[in-house]
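A.B. asks: Fold the following for me, if possible:
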Amino acid sequence: MAAPAFELRDATGKSISVSSLHGNVVLLNFWATECGGCRTELPYFIEFDHKYRSKGLRTLGMSIDVIYEKLPGLAESCARVKPFVRDHQVRYPVLMGDDAMVATYYIDALPTTYLIDRGGRIAAKYVGLVDKADVDGNLKALLAEREAHSGPADARPV
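C.D. replies: Below you'll find the model as predicted:
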């Protein structure tokens, strides 16, 4: 199944689209600043980003604070997310999610994480706190695949 298309801005205003990441493996994590499980797994994703970026991994955070915290708008969400990202030394882009993203990616619990293969297909979906070793194994397998390969290796079904 192809990953749904999107184009969103990060907290600094830079626009990122899923299509611009084609050819890379993408770790897409939906989270919120006050979500306990999200805070627990954040260091895993920072580590993966550092460890695998040079091999073709692109890590994206998708903050849905505006929905999770019932904030009035994007400005209030950015006011929470920017210092959180700075304080936790998150070096990968954090996009500002909205109702459309939550619906498009079927987010009904946090955290939720997707792995997208080099061909833009969803290879795995994790709902709740991820198992670090499982994600690491799936990332290694996906990064080893060539784009022309038709299926994910050792990924959980969606």
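A.B. asks: Mean pLDDT per helix and strand in the protein: which one sits at the bottom?
C.D. replies: helix 65-68 (a mean of 83; mean pLDDT, DSSP states H and E).
A.B. asks: Please name the nearest non-neighbouring residue to the residue most central in space within the chain.
C.D. replies: Centrality entry for the chain: nearest residue to the mean C-alpha point is Leu28, 1.7 Å, by C-alpha atoms, centre = their mean. Leaving out its chain neighbours, the residue that sits closest to Leu28 by C-beta to C-beta, 6 or more residues apart in numbering is Tyr114, at 4.5 Å. Just so you know, the C-beta spots here come from the backbone N, C-alpha and C atoms, and that holds for glycine as well.
A.B. asks: The least confident helix or strand of the chain packs against which elements?
C.D. replies: Packing partners of helix 65-68 (3 or more C-beta pairs under 8 Å, 6 or more residues apart in numbering; DSSP states H and E): helix 74-87.
A.B. asks: The helix or strand just after the helix it packs on - contacts with which helices or strands?
C.D. replies: Sequence order places strand 94-96 as the next helix or strand after helix 74-87, per DSSP states H and E. The contact analysis (3+ C-beta pairs under 8 Å, 6+ apart) places strand 94-96 against strand 7-9, strand 57-63, helix 74-87.
A.B. asks: Not counting its own residues, what contacts the next helix or strand after strand 94-96?
C.D. replies: Next in sequence after strand 94-96, counting helices and strands by DSSP H and E, comes helix 99-104. Among residues not part of helix 99-104, those counted as contacts by C-beta atoms under 8 Å, 6 or more residues apart in numbering are Pro4, Phe6, Leu8, Phe30, Met62, Ile64, Ile67, Ile107.
A.B. asks: out of the helices and strands packed on strand 94-96, deepest packed?
C.D. replies: Highest mean neighbour count among those (mean count of other C-beta atoms under 10 Å): strand 57-63, with a mean of 24.
A.B. asks: Closest one of the contacts of helix 99-104 to Arg118?
C.D. replies: Within the contacts of helix 99-104, the smallest distance to Arg118 is 16.9 Å, found for Pro4 (C-beta to C-beta).
A.B. asks: Contact partners for the closest one?
C.D. replies: Val18, Thr104, Tyr105.
A.B. asks: How confident is the prediction for it, by pLDDT?
C.D. replies: You'll see Pro4 listed with a pLDDT of 93.
A.B. asks: For it, grab phi and psi.
C.D. replies: Dihedral angles of Pro4 (phi, psi; degrees, to the nearest 10) stand at phi -60, psi 140.
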